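*Asks:* compute the structure for the input listed below.
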Amino acid sequence: MRPLLAKPREPYWIDVPETSPCHPRSLVVFVYWVLLVFILELGLTEAAAREKQSVSTSASMPCWLVEDFVVAEECAPCTTFQAKTTPECGTTGFVEKISCSESKKDEFKSCRSAMMERHLFWKFEGAVVGVAAVFACLVILRQRSLDRKALEKVRKQIESI
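*Replies:* Next up is the predicted model:
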């Protein structure tokens with residue numbers, strides 16, 4: 001039978017100092033900040049890309065959207081001059097030169113390079129490993145608290161005998 005006025009339970013992180021980076025409150029705050037920064041960065045880069053894309057498409061339709069084309073130069077990083085003068089460089093930082101067959105015009109088209117894809121992949125992998133490490137630390141703390149509660153329960157049962 002449980003007593004009416006039970007002794008309040010101590011928090012499971014009582015042994016971990018609040019200044020410790022493994023304190024549950026610190027970890028939760030850290031995770032929230034990381035997610036907030038990631039979401040804001042993603043939103044800002046998408047907004048900038050949309051803005052630059054709308055500026056480039058508002059002038060006229062590029063010929064490669066309506067005609068057949070041939071790639072004159074493969075996807076390559078933009079030069080500093082191209083980055084300032086060509087709006088297509090703003091989206092990814094890489095362009096390829098396109099020759100349209102009907103209008104005989106040469107235009108630049110934004111493209112995604114293998115180097116950029118590799119960089120984004122490792123950035124994603126780093127984020128996944130970081131989140132996994134944070135949650136592993138949370139699991140360890142939770143397991144310790146559950147072990148402590150189980151030991152306390154066993155100790156109380158032994159005392160009652």
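
*Asks:* so what touches stretch 114-122?
*Replies:* With contact meaning CB atoms under 8 Å, 6 or more residues apart in numbering, stretch 114-122 is reached by Pro77, Thr92, Gly93, Phe94. Every C-beta, even on glycine, is put in place using the N, C-alpha and C of the backbone.

*Asks:* rerun that using 10 Å as the cut-off
*Replies:* Around stretch 114-122, the neighbours that count as contacts under CB atoms under 10 Å, 6 or more residues apart in numbering are Cys75, Pro77, Thr92, Gly93, Phe94, Arg112, Ser113.

*Asks:* residues near Phe108, how many?
*Replies:* Residues near Phe108, counting by other CB atoms under 10 Å, number 21.

*Asks:* now for it: which residues touch it?
*Replies:* Contacts of Phe108 (CB under 10 Å, 6+ apart): 56, 62, 64, 72-73, 78, 82, 85-89, 95-98.

*Asks:* where does the protein dip in pLDDT?
*Replies:* 1-27, 44-59 (pLDDT under 70).

*Asks:* the strand ranked longest in the chain pairs with which strands?
*Replies:* Across the chain, the longest stretch assigned as strand under DSSP state E is strand 69-77. Looking at strand 69-77 with DSSP bridges, its partner strands are strand 94-100 (antiparallel).

*Asks:* following element in sequence after the partner strand, please.
*Replies:* As assigned by DSSP states H and E, the chain's next helix or strand after strand 94-100 is strand 106-110.

*Asks:* buried ones in that next one?
*Replies:* Buried residues in strand 106-110, counted by 16 or more other CB atoms under 10 Å: Glu107, Phe108, Lys109, Ser110.

*Asks:* what about the longest helix in this structure?
*Replies:* Looking across the chain with DSSP state H, the single longest helix is helix 114-160.

*Asks:* before we move on, back to that, then the longest strand of the chain to PDB, C-alphas only?
*Replies:* Listed next in PDB are the C-alpha coordinates belonging to strand 69-77 (Å, rounded to 0.1, in the frame of the first residue of the first chain):
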ATOM      1  CA  PHE A  69      20.300  22.100 -77.300                       C
ATOM      2  CA  VAL A  70      23.900  20.800 -77.200                       C
ATOM      3  CA  VAL A  71      26.200  21.200 -74.300                       C
ATOM      4  CA  ALA A  72      29.100  23.200 -75.600                       C
ATOM      5  CA  GLU A  73      31.100  23.200 -72.300                       C
ATOM      6  CA  GLU A  74      30.700  20.800 -69.400                       C
ATOM      7  CA  CYS A  75      29.600  21.900 -66.000                       C
ATOM      8  CA  ALA A  76      32.400  23.900 -64.400                       C
ATOM      9  CA  PRO A  77      32.700  26.300 -61.400                       C
END
